[in-house]
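*Asks:* Predicted model, plus sequence, below.
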Amino acid sequence: MRHVDEGGRVEAEATPRQHEAGPALVLERVAAAYGRHVAMRDVSLRLERGEFLGVIGPNGAGKTTLLTVLNGLGRIVAGRAEVLGIPVTPGSVRGLRRRIGYVAQLQEFDPLLPMTVAESVLTGCYGRLGLLRRVPASERERAGEFMRLVGLSGLEHRPLGHLSGGERQRAAIARALLQRPEMLLLDEPTASLDWQAQRGILELIRTVHERFGLTSLIVTHDLNTLPDVCSRIACMKEGRLVRLDTPRAVADPELLSELYGTRIRVVEEDGRMHLFY
Amino acid sequence: MDWGFLGYGFMQKAYLAGLLGGASCAVTGVLVVTMRITAIGTCMAHAAFAGALLGILLGVDWLPLAFGFSIAAAGLIGPLSDRADFAPETVVGIVFSAMLGLAFLFLGLMSGARTSALNLFWGSILTVERTDLVLMGVVCGLLLVGLTLFFKEVRAVLCHRSVALAVGVPATAVYYVMLVCTGLTVTASLRSIGGLLIYSLVINPAAAAYQLSYDLKRIFILAALFGVASCWTGLTLSYWLDVPSGAVIVLVSTLIFVLATIGSPKKRSLSRRERLEINYSGRIEEPGQAAGQKRGTHV
């Protein structure tokens, strides 16, 4: 049982799952399409459990498609994908989604929407609970703990449509955690947020990745918003995986300038890479 | 006031139809209002109407065909609106126009008086039959039981379907079932409430309840109460004033919506006192005032 102290910090029993057998994901020459538009092609990738992969590239590079292929929201038209030891097929995706937390790009909600933050976070356990089962008190308690962890204390009863962008992303992360996921997919979680909110979300992502022993993938087009905890970076362009390397190796001005089609400079300060264009 | 009309059998049936139809239409309305596909109410009504007209044209029982058409319409709208190249409103518009076209075609092919066909269009809550009440009761019961059993899934899909899908809820199936429920409710109430008037009974009570709460459970209950209140008040007023009942029911439901919007806590702005408090605490400084404040002269 995890315990959260008054400051909202989960104190004990992070449940690392790196020990589980086999890689977290294996993609073999995977292609995915929306209708007739092939958004991703010929992508091969292997990720070990506990790894944190950053996926970068310009708009339209196929980054989001890569994430959606993993939880079955995207449509694979060629190749083979295996996630958490299970082949991604139409028959397996619902079971897989219950084990994969997905934080989508910042969503707009109707300010009148009849759903509070707590109710939205609780949605995270619905798939795992299944049909015809009420939400037990223990899940409500856990939802409260996760809301404290992500910094949403006091906002439990606020309508979802009244949250700021940063708060909405925090709610999405709390919801994903309530799934008790083995893998966390983050799609541009800091896009459209101000600098302070970006920093807060990045710190939170690092915290949950480490404490809960997750395998995480984060998609971003802004390299400065990659968490420090990234172990490898995948560079995508025009639907293809063009480079997979360590963050230091990827922080190459020539490589990045070619990837984004514009001149990019890399400056190191306090041991951290900063990119300018 | 004379309440003796409550003793008439036809009025008792009408009130019972108002209870069942008003509640089920309003509950269905919450689904479509929250999903912002309000036009689906009219679409389903016209689908059921087209099916019923085909039944009348062929000289068979029109009810199964009305149900068949509305379920088929729901079955078309769901998968088509899920395609990336169609917006749900576009799909509803296309299916609606197709059903309207079929209805007019079947109406045009009929010979002789079309009274029974037009009765379905206008509806007649005062001539409701026992079979209609049984049908409405069954649909209303199914709707309420389904909503109670699957409330958490319904809420997740209504409020953020993409999230529900991503956490492993069978969101697509839940969405399609909700569309089919809309079709069933509208068809069951077609003869008593009428294809034209049913739209207002689906939308108005739900839209009114939506103005008053952020709690989905409370919205469902309020909508059902408003739906029943519209029917019962409309029936009573129509009897006293000797005017068409359907029209009064619609007007009462519209009045409830207007009152709910005026009194909506969701649209309430700051009071004068709250505005004044903001002004005192968050005053924007003029360039000259900042220096004065540093010297302790600003009040």
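*Replies:* Arrived safely, thanks for sending.

*Asks:* Where does the stretch 151-277 of chain A get nearest to chain B, which residue?
*Replies:* The nearest approach of the stretch 151-277 of chain A to chain B comes at residue A:159, 4.7 Å away (C-beta to the nearest C-beta). Glycine gets a C-beta too; all of them are placed from N, C-alpha and C.

*Asks:* what pLDDT does that residue get?
*Replies:* On pLDDT, residue A:159 comes in at 94.

*Asks:* Repeat that for residue A:108.
*Replies:* On the pLDDT scale, residue A:108 gets 85.

*Asks:* What's the local residue count around it?
*Replies:* For residue A:108, the count of nearby residues is 8 (other C-beta atoms under 10 Å in any protein chain shown).

*Asks:* Tell me the spacing between it and chain B.
*Replies:* Noted for residue A:108: a distance of 11 Å to chain B, by C-beta to the nearest C-beta, to the nearest Å.

*Asks:* Give the helix, strand or coil label for that residue.
*Replies:* Three-state call for residue A:108 (DSSP: H, G, I helix; E, B strand; the rest coil): coil.

*Asks:* Run through the strands of chain A in chain order.
*Replies:* A:25-34, A:37-47, A:52-56, A:76-83, A:86-87, A:100-103, A:183-187, A:215-220, A:232-237, A:240-245, A:265-269, A:272-276 (DSSP state E).

*Asks:* Chain neighbours aside, what residue packs nearest to the residue in the stretch 51-200 of chain A positioned nearest to chain B?
*Replies:* Chain B sits closest to residue A:127 of the stretch 51-200 of chain A, with a gap of 2.6 Å, by C-beta to the nearest C-beta. Excluding the flanking residues, the one nearest residue A:127 by C-beta to C-beta, 6 or more residues apart in numbering or on different chains is residue B:168, at 2.6 Å.

*Asks:* So which elements touch the helix ranked longest in chain A?
*Replies:* The longest helix of chain A (DSSP state H) is helix A:195-211. In terms of contacts (3 or more C-beta pairs under 8 Å, 6 or more residues apart in numbering or on different chains; DSSP states H and E), helix A:195-211 is packed against helix A:165-178, strand A:183-187, strand A:215-220.

*Asks:* hey, what's the residue of the stretch 151-277 of chain A closest to chain B bridged with?
*Replies:* residue A:116 (DSSP bridges).

*Asks:* Residue A:55 reaches residue A:232, doesn't it?
*Replies:* No - judged on C-beta atoms under 8 Å, residue A:55 makes no contact with residue A:232 at a distance of 9.8 Å.

*Asks:* between the two, who's got more neighbours?
*Replies:* More crowded of residue A:55 and residue A:232, by other C-beta under 10 Å: residue A:55, with 28 against 18.

*Asks:* which residues sit in contact with that one?
*Replies:* By C-beta atoms under 8 Å, 6 or more residues apart in numbering or on different chains, residue A:55 lies in contact with A:63, A:66, A:67, A:217, A:218, A:219, A:220, A:233, A:234, A:236.

*Asks:* of those residues, closest to residue B:187?
*Replies:* residue A:67 (41.6 Å; C-beta to C-beta).

*Asks:* check contacts around the closest residue in space to the closest one that isn't next to it in sequence.
*Replies:* Leaving aside its chain neighbours, residue A:67 sits nearest to residue A:185 (4.6 Å; criterion: C-beta to C-beta, 6+ apart). Residue A:185 makes contact with A:67, A:70, A:71, A:100, A:101, A:102, A:103, A:216, A:217, according to C-beta under 8 Å, 6+ apart.

*Asks:* which one of the residues you listed is nearest residue A:78?
*Replies:* For those, the nearest to residue A:78 is residue A:70 (15.8 Å; C-beta to C-beta).

*Asks:* Residue B:29: neighbour count?
*Replies:* 32.

*Asks:* Mind telling me which residue of the stretch 51-200 of chain B is nearest chain A?
*Replies:* Among the residues of the stretch 51-200 of chain B, residue B:168 lies closest to chain A, at 2.6 Å counting by C-beta to the nearest C-beta.

*Asks:* So what does the closest residue to residue B:151 other than its chain neighbours look like in phi/psi?
*Replies:* Nearest residue to residue B:151, sequence neighbours excluded (C-beta to C-beta, 6+ apart): residue B:217, at 7.4 Å. Backbone geometry at residue B:217, expressed as degrees, to the nearest 10, gives phi -60, psi -50.

*Asks:* I'd guessed residue B:217 sits against residue B:152; true?
*Replies:* No - counting by C-beta under 8 Å, residue B:217 stays clear of residue B:152, with 10.9 Å between them.

*Asks:* Neighbour count for those two, which is higher?
*Replies:* Neighbour totals were compared for residue B:217 and residue B:152, and residue B:152 leads with 21 against 12 (other C-beta under 10 Å).

*Asks:* Test my guess that the more buried one contacts residue A:126.
*Replies:* Yes - with contact defined as C-beta under 8 Å, residue B:152 and residue A:126 form a contacting pair (5.6 Å).

*Asks:* hey, what's in contact with both of those two?
*Replies:* residue A:135.

*Asks:* pretty sure residue A:61 is touching residue A:237, no?
*Replies:* Yes - checked against C-beta under 8 Å, the pair residue A:61 and residue A:237 is within contact range at 5.2 Å.

*Asks:* Name the nearest residue to residue B:204, ignoring sequence neighbours.
*Replies:* Sequence neighbours aside, residue B:253 is the residue nearest to residue B:204 in space, at 3.8 Å (criterion: C-beta to C-beta, 6+ apart).

*Asks:* does residue B:96 really touch residue B:38, like I thought?
*Replies:* No - Residue B:96 is beyond contact range of residue B:38, at 11.8 Å (criterion: C-beta under 8 Å).

*Asks:* Show me which residues of the stretch 151-277 of chain A sit near chain B.
*Replies:* Within the stretch 151-277 of chain A, the positions lying close to chain B (C-beta under 8 Å from any C-beta of the partner chain) are A:159, A:160, A:172, A:175, A:179.

*Asks:* Who are the contact partners of the last one?
*Replies:* I take that to be residue A:179. With contact taken as C-beta under 8 Å, 6+ apart, residue A:179 is in contact with A:98, A:99, A:100, A:101, A:124, A:125, A:127, A:128, B:167, B:168.

*Asks:* could I get those as TSV with neighbour count, distance to residue A:113 and pLDDT?
*Replies:* As requested, those are exported to TSV (neighbours: other C-beta atoms under 10 Å in any protein chain shown; distance: C-beta to C-beta, whole Å; pLDDT from 0 to 100):
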residue	neighbour count	distance to residue A:113	pLDDT
A:98	24	24	94
A:99	18	28	95
A:100	27	25	96
A:101	29	22	96
A:124	30	17	96
A:125	24	20	96
A:127	23	20	94
A:128	18	24	94
B:167	27	17	95
B:168	25	22	94
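
*Asks:* Let's see which of these end up in helices.
*Replies:* A:98, A:99, A:127, A:128.

*Asks:* Low-confidence ranges, chain B, go.
*Replies:* Applying pLDDT under 70 to chain B flags the ranges B:1, B:84-85, B:279-299.

*Asks:* Which strand or helix spans the closest residue to residue B:42 other than its chain neighbours?
*Replies:* Nearest residue to residue B:42, sequence neighbours excluded (C-beta to C-beta, 6+ apart): residue B:199, at 4.8 Å. Per DSSP states H and E: residue B:199 is located in helix B:198-212.

*Asks:* same check, this time on residue B:247
*Replies:* Taking DSSP H and E as the criterion, residue B:247 maps to helix B:245-262.

*Asks:* So what touches whichever helix or strand comes after that helix?
*Replies:* Counting by DSSP H and E, the next helix or strand C-terminal to helix B:245-262 is helix B:272-281. Helix B:272-281 is contacted from outside by residue B:270, using C-beta under 8 Å, 6+ apart.

*Asks:* who's in contact with residue B:243?
*Replies:* Taking C-beta under 8 Å, 6+ apart, we find residue B:243 in contact with residue B:237.
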